[in-house]
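1. Below is the structure, and that's it, no one-letter string:
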Ligand SMILES: NC(=O)c1ccc[n+]([C@@H]2O[C@H](COP(=O)([O-])OP(=O)(O)OC[C@H]3O[C@@H](n4cnc5c(N)ncnc54)[C@H](O)[C@@H]3O)[C@@H](O)[C@H]2O)c1
């Protein structure tokens, strides 16, 4: 089998991860890297002596079969069109484009030329997100009521994309992937504090046809670093915390129930507390990036025969399980802490509908090392 000759455009803070990942893939070869900065090119030439290093995108396209675009957001659409015109499949880092018009022009060109173009939504390849999707789609959470995400930290402050474009694609891509539908209503409210016309903080709300409400809080002007998504279903609730080194996913077997028979309104709703499950996953961000990049390249290799439309951009369809690329994203919201630390009844969770049952207790057992283990909450009064 010939090795896929891959090129990377933009080898800055993030693009260098793609360069390293491609260089390490058995089935691909880092054929060329293009960067506008002479210092970056100098470093690349030293680190990857067998790769062709250039400042000219056309030069890179002439030497490669497929391309990763990891240059600044404002260049994505133009470079993606250039790749499509040259017939080279490309993985475009998020944000896919900075306007719907740009995104659609790339999507149209890709569909017309039958050239796969992927958005770099790496979280769709995260094992915790895969598990979360299986829970949602398999009905284990019951009917999904709402979800919210928190993606905040201090820096990196960008000048050419706001916090929504910088962070939001992750949350939007995950929400659409989990729910399997596109929103019917979207609202985003942001504020620029540090630079004119570049929003540092954005609150995004999406409403889906199924009734699910989603909210995301996005900011690079925040004292905390949080990467969290909470999904609240009728029978179970799940928290995906990507800042946790090991316990990324917590499945709370709790909710509010309406018994089939009750005498008064007060008895109609009762809070149910149950176990907390913590599945175990491989967790290093390095391997996650590798999954994303290598999975994408497997998909590129399969050269999908058809292209379908999802949301506002075209995404190739492939029979391969991992080949699922979603359109440009946005969206979000937050939360702090959850039920494995002591909470006063009524402060969080489904509410003090039955205060006698609503007791939360600190968990003391250490994390499970392997497989899926349950953490049992002590029974009220025990
Ligand atoms: N998927 C993720 O989790 C993730 C994380 C961080 C950044 N990103 C995205 O990756 C992209 C790059 O971010 P970054 O932090 O590496 O930025 P960066 O500014 O550190 O690097 C960009 C690089 O592109 C080069 N460049 C600029 N214009 C170019 C052009 N026309 N042709 C070739 N090279 C060009 C610059 O010289 C620089 O080396 C952004 O779109 C960003 O949103 C994605």
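-> Received it, and whenever you're ready, just let me know what you need. Remember, predicted model here, so these are calculated numbers, not experimental data.

2. Show me which residues of the helix or strand where residue 238 lies are buried.
-> In this assignment (DSSP states H and E), residue 238 forms part of strand 237-241. By neighbour count on 16 or more other Cβ atoms under 10 Å, the buried set for strand 237-241 is 237-241. Using the backbone N, CA and C atoms, a C-beta is placed for each residue, glycine as well.

3. farthest pair in the residues you listed?
-> The largest separation in the buried residues of strand 237-241, counting by Cβ to Cβ, is between 237 and 241 at 13.1 Å.

4. ok so, going back, I'd like the mean pLDDT over the strand holding residue 238, please.
-> The pLDDT scores in strand 237-241 average 98.

5. Following element in sequence after it, please.
-> strand 249-252.

6. Phi and psi next, for residue 176.
-> Main-chain torsions, residue 176, degrees, to the nearest 10: phi -70, psi -40.

7. do residue 96 as well
-> phi -50, psi -40.

8. Kindly report the same for residue 6.
-> phi -110, psi 140.

9. repeat for residue 167
-> Dihedral angles for residue 167 - degrees, to the nearest 10 - are phi -110, psi -40.

10. Report how many residues lie close to it.
-> By other Cβ atoms under 10 Å, the residues close to residue 167 number 29.

11. do residue 217 as well
-> 23.

12. Mind listing the residues bridging to it?
-> residue 150, residue 203 (DSSP bridges).

13. Pretty sure it sits against residue 205.
-> No. Residue 217 is beyond contact range of residue 205, at 10.3 Å (criterion: Cβ atoms under 8 Å).

14. can I see the domain layout of this protein?
-> 4-120, 124-260+268-277 (automatic domain parsing).

15. Leaving out the residues flanking it, which one is nearest to residue 223?
-> Among residues not flanking residue 223 along the chain, residue 154 sits closest, at 6.6 Å (Cβ to Cβ, 6 or more residues apart in numbering).

16. list the contacts for the one you found?
-> Applying Cβ atoms under 8 Å, 6 or more residues apart in numbering, we find residue 154 in contact with 220-223, 225.

17. Residue 187 against residue 214, yeah?
-> No. With contact defined as Cβ under 8 Å, residue 187 does not count as touching residue 214 (11.0 Å).

18. near the ligand, anything from stretch 3-10?
-> Yes. Applying Cβ under 6 Å from any ligand atom, one finds stretch 3-10 touching the ligand at 9-10.

19. Quick check: mean pLDDT of that stretch?
-> The average pLDDT within stretch 3-10 is 96.

20. can you list the residues of the stretch 51-200 of the chain near the ligand?
-> 70-73, 75, 93-94, 120, 122, 166.

21. May I ask which of those has the most neighbours?
-> residue 70 (26 neighbours).

22. surely it meets residue 14?
-> Yes. Here residue 70 reaches residue 14: they are 5.6 Å apart, a contact under Cβ under 8 Å.

23. Just give me the neighbour total for residue 246.
-> 11.

24. got it, and residue 195?
-> Using other Cβ under 10 Å, residue 195 has 12 other residues around it.

25. That one against residue 158, yeah?
-> No. If you go by Cβ under 8 Å, residue 195 and residue 158 don't touch, sitting 9.1 Å apart.

26. What pLDDT does the model give the residue nearest to residue 223?
-> 98.

27. same thing with the one 4 residues further on?
-> Turning to residue 158, the model gives it a pLDDT of 96.

28. wouldn't it be in contact with residue 167 here?
-> No. Counting by Cβ under 8 Å, residue 167 is not a contact partner of residue 158; they are 10.2 Å apart.

29. Spell out which residues are contacts of both of the two.
-> Contacts common to residue 158 and residue 167, judged by Cβ under 8 Å, 6+ apart, are residue 220.

30. Helices along this structure, start to end?
-> 15-24, 38-47, 57-61, 76-85, 100-113, 127-137, 163-179, 285-301 (DSSP state H).

31. Just the mean pLDDT for the shortest one, thanks.
-> The pLDDT scores in helix 57-61 average 98.

32. repeat for the fourth one
-> Rounded to a whole number, the mean pLDDT of helix 76-85 is 98.

33. do the second one as well
-> Per-residue pLDDT over helix 38-47 has a mean of 98.

34. now swap in the last one and tell me
-> If you average the pLDDT over helix 285-301, you get 54.

35. burial of the closest residue to the ligand within the stretch 1-150 of the chain, as a residue count?
-> The stretch 1-150 of the chain approaches the ligand most closely through residue 12 (1.8 Å), counting by Cβ to the nearest ligand atom. Residue 12 has 13 neighbouring residues, counting by other Cβ under 10 Å.

36. what are the phi and psi angles of it?
-> Here is the backbone geometry of residue 12 (degrees, to the nearest 10): phi -80, psi -150.

37. How about it, nearest residue that isn't a chain neighbour?
-> Using Cβ to Cβ, 6+ apart, the closest residue to residue 12 is residue 40 (6.8 Å).

38. Then residue 236?
-> Nearest one to residue 236, counting by Cβ to Cβ, 6+ apart, is residue 141 at 4.6 Å.

39. residues in contact with the one you found?
-> 135, 231, 233-238.

40. Among those, which one lies nearest to the ligand?
-> residue 231 (20.9 Å).

41. mind checking pLDDT for that closest one?
-> Note for residue 231: predicted pLDDT of 98.

42. what about it, neighbour count?
-> Around residue 231 there are 26 residues (other Cβ under 10 Å).

43. so what's it up against?
-> 132, 135-136, 141, 144, 147, 178, 237-240.

44. ok, residue 193 to residue 224 distance?
-> Residue 193 sits 17 Å away from residue 224, going by Cβ to Cβ, to the nearest Å.

45. no, scratch that, I was asking about residue 89
-> As judged by Cβ to Cβ, residue 89 and residue 224 stand 38 Å apart.

46. okay, the two: which has more neighbours?
-> residue 89 (25 against 12).

47. from memory that one sits against residue 117, does it?
-> Yes. Taking contacts as Cβ under 8 Å, residue 89 lies within contact range of residue 117: 7.0 Å.
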